[in-house]
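Asker: coords please:
(chains A, B, C, D and E)
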Amino acid sequence: MLICKVLKPLVSTNRIPDFEHKHLQIVLDGSSKKVAVDAVGCVPGDWVICVGSSAAREAAGSKSYPSDLTIVGIIDYWDPQTGSSQSTITSSSKATNLGDK
Amino acid sequence: MLICKVLKPLVSTNRIPDFEHKHLQIVLDGSSKKVAVDAVGCVPGDWVICVGSSAAREAAGSKSYPSDLTIVGIIDYWDPQTGSSQSTITSSSKATNLGDK
Amino acid sequence: MLICKVLKPLVSTNRIPDFEHKHLQIVLDGSSKKVAVDAVGCVPGDWVICVGSSAAREAAGSKSYPSDLTIVGIIDYWDPQTGSSQSTITSSSKATNLGDK
Amino acid sequence: MLICKVLKPLVSTNRIPDFEHKHLQIVLDGSSKKVAVDAVGCVPGDWVICVGSSAAREAAGSKSYPSDLTIVGIIDYWDPQTGSSQSTITSSSKATNLGDK
Amino acid sequence: MLICKVLKPLVSTNRIPDFEHKHLQIVLDGSSKKVAVDAVGCVPGDWVICVGSSAAREAAGSKSYPSDLTIVGIIDYWDPQTGSSQSTITSSSKATNLGDK
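Answerer: Numbers count the residues shown, from 1 in each chain, chains lettered A, B, ... in the order given. Now for the predicted structure:
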């Protein structure tokens, strides 16, 4: 999976019906911009985990959903300078997202 | 998904029957040219969303369609200089495409 | 799909039985050489459309064929200098391939 | 498959339910950081084999698991300087992992 | 498919059971090292064809085998300097592999 930063929503009115009304986000993968389907409800500034390949379809909700990049998780803490995450947060509670917003 | 610019149609008379008569477009992904199946009806100059991987097949119409890159949406507004989209357009109406043509 | 130039056939006598006797071609994708299964009958010098991902299997003839890159069409005309195709040829007739040979 | 070095666990509290409670590891693939699902129980410093594409789903436990990168094995010995593995260890016994930790 | 050179076997004692006892080889794809499942029985020095994507699973023996890169054929002759294969060998006989060993 890729570690990406959410930039902003993407508006595409004229799209195939299979895309339904799911939100699309422009994400930054290193220095390249990509479009990902948002399956978790993230906001610009969040650091997220994006899954690609055929797994992106199931992650977006169904095997027939036409996504090749889906946001599947928000990283609790990510330091883009050191590229390291904070691993002291317990993962058993639905913690508030502490990401760089 | 990739953000690409549509350059022009591609003509390939001698192709496998499974490709049927769907339109192929040459798209620009960054600086590299690729071929995508057009599932939305775009024109040269449009900025579009292209889906790859196995999702490109369903997006092109059926699970057995042999595409690995399908144009699934036209971006309402894309500024290639800043690489940002205009997000003030309501997505509930079938708006006219305002893309860079 | 990728736009590649056919270089020459590749001979691999010791290969898995699933590969059957289909022709393999060495193709040039930009500056890197790859091997593609020929599903259209092309010759060295042809500019072709190559499909990858899981679509390469169906394109090669069956869902269980182990290809990840299959030549699915010959481009009618391709100018490698300008990187543009000639789009004035009607696609309704089985035209003679005019590619750079 | 890729040869990666395990850096540290990644915490993502807000993630899709399909991800369950499997451990995610940040791995280094060359100079780029990626996230992989841990199917073998590795620790930071291990050199591991990561499988991508659709095979990452089955490798993570089930065909519907939404992974595109799964750690499937720990390399017995890997020298990052020479990029070579030690091949004198018998593979029939469940040997202690000798990796760079 | 990729044209790779076989470097040496890779030993990974602690691996997922689905990997069974198939041989893993470190292969060189250009300048990057990857791990491939050996489905043909090659030796270090062989120039081989490696298939990726979902086709790597079937090529490794079954649809559920978790490979994303499988060696599917040994190239009869490959000159790494000119990057060309010798195409005068008949492919109807099980010829001795003439590769660079």
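Asker: Endpoints of stretch A:13-22, how far apart?
Answerer: End-to-end distance of stretch A:13-22 (C-alpha to C-alpha, to the nearest Å): 12 Å.
Asker: Tell me the residues on chain A that lie near chain B, please.
Answerer: Applying C-beta under 8 Å from any C-beta of the partner chain, we find that chain A lies next to chain B at A:7-16, A:18-19, A:21, A:24, A:26, A:32-36, A:52-54, A:56-57, A:64-69. C-beta here means a position set from N, CA and C on the backbone, and glycine is covered the same way.
Asker: rerun that using 7 Å as the cut-off
Answerer: A:8-16, A:18-19, A:26, A:33-35, A:52-54, A:56-57, A:64, A:66-69 (C-beta under 7 Å from any C-beta of the partner chain).
Asker: Now the buried members of those.
Answerer: With burial judged by 16 or more other C-beta atoms under 10 Å in any protein chain shown, the buried subset of these is A:10-16, A:18-19, A:26, A:33-35, A:52-54, A:56-57, A:66-69.
Asker: Just those: which are in strands?
Answerer: Applying DSSP state E to these, the entries found in strands are A:14-15, A:26, A:33-35, A:52, A:69.
Asker: Tell me which two of the residues you listed sit farthest apart.
Answerer: For these, the farthest-apart pair by C-beta to C-beta is A:14 and A:52; their separation is 24.4 Å.
Asker: So in terms of bridging, what pairs with residue A:79?
Answerer: residue A:84 (DSSP bridges).
Asker: That one - how many residues pack around it?
Answerer: Residue A:79 has 11 neighbouring residues, counting by other C-beta atoms under 10 Å in any protein chain shown.
Asker: before we move on, back to that, which ones among the buried ones among the residues of chain A next to chain B come in contact with chain D?
Answerer: The subset of these lying close to chain D, counting by C-beta under 7 Å from any C-beta, consists of A:52-54.
Asker: Let's have these in CSV, adding distance to chain C and pLDDT.
Answerer: Formatted as CSV, these follow (distance: C-beta to the nearest C-beta, whole Å; pLDDT from 0 to 100):
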residue, distance to chain C, pLDDT
A:52, 11, 97
A:53, 9, 95
A:54, 7, 94
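Asker: Between those residues, which sits nearest residue E:78?
Answerer: For these, the minimum distance to residue E:78 (C-beta to C-beta) is 29.8 Å, reached by residue A:53.
Asker: By average pLDDT, which secondary structure element in chain A comes out worst?
Answerer: Lowest on mean pLDDT, DSSP states H and E among the helices and strands of chain A sits strand A:84-85, with a mean of 66.
Asker: for whichever residue of chain A sits closest to chain B, what are its contacts?
Answerer: Residue of chain A nearest chain B, by C-beta to the nearest C-beta: residue A:15 (3.2 Å). Shown in contact with residue A:15 (C-beta atoms under 7 Å, 6 or more residues apart in numbering or on different chains): B:40, B:72-73.
Asker: Of those, which is the most crowded?
Answerer: When neighbours are counted by other C-beta under 10 Å, residue B:72 leads these with 28 neighbours.
Asker: ok so it is a strand residue?
Answerer: Yes. Counting by DSSP: H, G, I helix; E, B strand; the rest coil, residue B:72 is located in a strand.
Asker: Local confidence estimate at residue A:96?
Answerer: Looking at residue A:96, its pLDDT reads 41.
Asker: Over to residue A:65?
Answerer: 94.
Asker: same check, this time on the one 4 residues further on
Answerer: Here, the pLDDT recorded for residue A:69 equals 98.
Asker: same check, this time on the one 3 residues further on
Answerer: Reading off the confidence values, residue A:72 has pLDDT 97.
Asker: list the contacts for it?
Answerer: Neighbours of residue A:72 in contact, by C-beta under 7 Å, 6+ apart: A:39-40, A:49, A:51, A:59, D:15-16, D:19, D:66.
Asker: Nearest to residue D:2 among these?
Answerer: Distances from residue D:2 to the contacts of residue A:72, taken by C-beta to C-beta, are shortest for residue A:51, at 15.9 Å.
Asker: Return the set of residues that bridge with the closest one.
Answerer: residue A:70.
Asker: residue contacts, the residue minimising distance to the centre of chain A?
Answerer: Centroid check for chain A by C-alpha atoms, centre = their mean gives residue A:71 as the closest residue, at 2.6 Å. Residue A:71 makes contacts with A:25, A:36-40, A:42, A:48, A:50, as judged by C-beta under 7 Å, 6+ apart.
Asker: Now those in CSV, please, with extra columns for distance to chain E and pLDDT.
Answerer: CSV is the format used below for the contacts of residue A:71 (distance: C-beta to the nearest C-beta, whole Å; pLDDT from 0 to 100):
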residue, distance to chain E, pLDDT
A:25, 26, 97
A:36, 21, 98
A:37, 21, 97
A:38, 26, 97
A:39, 22, 95
A:40, 26, 96
A:42, 28, 97
A:48, 24, 98
A:50, 18, 98
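Asker: and these as TSV, adding distance to residue D:78?
Answerer: Shown next, in TSV, are the contacts of residue A:71 (distance: C-beta to C-beta, whole Å):
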residue	distance to residue D:78
A:25	37
A:36	33
A:37	36
A:38	37
A:39	35
A:40	35
A:42	36
A:48	30
A:50	28
